[in-house]
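**Student:** This is a predicted model, with the sequence first.
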Amino acid sequence: MKIQEEVKETVKKALGKMNNKIDQVVWVGAGGSFGGFYGANYFMEQESKKISSHMFTSGEFIYATPKNIDEKTLVVLCSMRGTSETIDSAKVAKKMGSTTIGLYVDESGLTETCDYIIKYDSLALDESRIDRVNASIGICVAMNLLNEVEGYDHYKAAMAAFDVLDPMYRKAVEYTTPLAKEWAELNKNQKTIYILSSGPTFGAGYIFSICNLEEMLQLNAPTVHSYEFFNGPFEVTDKSKSFFQLLSTGRTRPEDERALKFEQRFGGKKLYVLDGKEIGLDDLEPHISEYFNHPIFSSILNNVYMRQLSYVIHEDFNTRRYMWKESYK
């Protein structure tokens, strides 16, 4: 079964359980599972007139549960192996009367707790299909939810786009690998890399920072919004700094281009640009292209750029200093 069909079926079941009465959708997760929902949340914020959309880290959802979480709330949670806080978040959501959908790789307390579950492919595995990674499924949930409740004019084109995501990604890997090798060589002694993005790519930039560069390679990697760059962070710009600018396709691209123009004026040779137009996103219809920025960018950043930097700095990206080793409960 195609992922579009599985998601459509699951969303219909969830709405049926809610008697088709829904006021809001809430996206909950931790780390990359949280960041992976940026694309889905962005889509709902832009396209839905009736359903409000919000994102919460698992811990925040537990300790500061919004009072409006109720039977008219759909809570979508994600955890690869069953992060304890995400499992507890699902229990809180159920206690508040909400309907829950859990995205997972390995079965855990999350799959036992949620009303409905969808298995996804780990983004980090080369054999995984990009239309089946957590970020893509989150976006598919959002698109089907909107279509079922309000109707979505570009639904057919959006569902067809999932069929070309994986081939688009494979082609982008081939294109970016030699570029990533050059970038990695230039940055092999850099201890801090600034990641700039906005709109539909902000989640991909966030994950690249906290999960890829900081967690996996133990480098400093501040995440900077392309517009907010001019409200403080641009003061650190000089020719010694390393900037990694994501250029999205879609309506917020001018924010990214404005930041890039400044970086080109005052930055140095360690300024790098990854443009969505160069990695296939412009091949999608304009009215849906921006909503697929996240899964393509995030997959390329993790599997090409992070890996190439790992190779040149001789840092095994599978090792951790504290995660799964030290107690942090």
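**Tutor:** Arrived safely.
**Student:** show me where pLDDT drops low in this protein?
**Tutor:** Along the chain, the parts satisfying pLDDT under 70 run over 329.
**Student:** those helices in it, which residues are they?
**Tutor:** For the chain, the helices defined by DSSP state H occupy 3-17, 32-35, 38-47, 58-63, 84-95, 109-113, 134-149, 155-186, 202-207, 253-266, 286-289, 293-300, 307-313.
**Student:** Relative to F234, which of these is closest?
**Tutor:** helix 253-266 (6.1 Å; Cβ to Cβ). C-beta here means a position set from N, CA and C on the backbone, and glycine is covered the same way.
**Student:** So what touches the closest one?
**Tutor:** 196-199, 201, 225-227, 229-230, 234, 237-239, 243, 245-248, 271, 273 (Cβ atoms under 8 Å, 6 or more residues apart in numbering).
**Student:** Dump it to CSV, restricted to CA.
**Tutor:** The C-alpha trace of helix 253-266 is given here as CSV (Å, rounded to 0.1, in the frame of the first residue of the first chain):
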residue,chain,number,x,y,z
ARG,A,253,12.6,32.6,-0.1
PRO,A,254,13.1,36.4,-0.2
GLU,A,255,14.0,36.2,3.5
ASP,A,256,16.7,33.7,2.7
GLU,A,257,18.0,35.7,-0.2
ARG,A,258,18.2,38.8,1.9
ALA,A,259,20.3,37.1,4.4
LEU,A,260,22.5,35.6,1.7
LYS,A,261,23.1,39.0,0.1
PHE,A,262,24.5,40.3,3.4
GLU,A,263,26.6,37.2,4.0
GLN,A,264,28.1,37.5,0.6
ARG,A,265,29.1,41.1,1.3
PHE,A,266,30.7,40.6,4.7
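**Student:** where's it relative to the chain centroid, distance-wise?
**Tutor:** Taking the mean of its C-alpha atoms, helix 253-266 sits 23 Å from the chain's own mean (Cα atoms, centre = their mean, to the nearest Å).
**Student:** got the angle between it and helix 293-300?
**Tutor:** 40 degrees (axes from the mean of the first three to the mean of the last three Cα atoms, to 10 degrees).
**Student:** sorry, back to before: I'd like to know which of the contacts of helix 253-266 are buried.
**Tutor:** Among the contacts of helix 253-266, those classed as buried by 16 or more other Cβ atoms under 10 Å are 196-199, 201, 225-227, 229, 234, 237, 243, 245-248, 271, 273.
**Student:** Got the domain ranges for the protein?
**Tutor:** 3-152, 164-313 (automatic domain parsing).
**Student:** Between the two ends of the first one, how far is it?
**Tutor:** I take that to be domain 3-152. Domain 3-152 has an end-to-end distance of 18 Å (Cα to Cα, to the nearest Å).
**Student:** again, but for the last one
**Tutor:** Taking Cα to Cα, the span from the opening residue of domain 164-313 to its closing residue is 34 Å.
**Student:** coming back round to it: okay, the domains of the chain in TSV with distance to T319 next?
**Tutor:** Output for the domains of the chain, formatted as TSV (distance: least, Cβ to Cβ, whole Å):
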stretch	distance to T319
domain 3-152	14
domain 164-313	8
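**Student:** out of these, nearest to R320?
**Tutor:** Here domain 164-313 is closest among these (Cβ to Cβ), at 7.1 Å.
**Student:** Of the contacts of helix 253-266, which belong to strands?
**Tutor:** 196-197, 225, 243, 245-247, 271, 273 (DSSP state E).
**Student:** can you tell me which two in those are farthest apart?
**Tutor:** Largest separation among these by Cβ to Cβ: H225 and L271, giving 17.3 Å.
**Student:** now the most centrally placed residue in the chain: how far from Y63?
**Tutor:** What sits nearest the mean C-alpha location of the chain, by Cα atoms, centre = their mean, is G36, with 2.9 Å. Distance of G36 to Y63, computed by Cβ to Cβ, to the nearest Å: 22 Å.
**Student:** isn't A172 right next to G276, touching?
**Tutor:** No. The pair A172 and G276 fails to qualify as a contact (Cβ atoms under 8 Å) at a distance of 9.7 Å.
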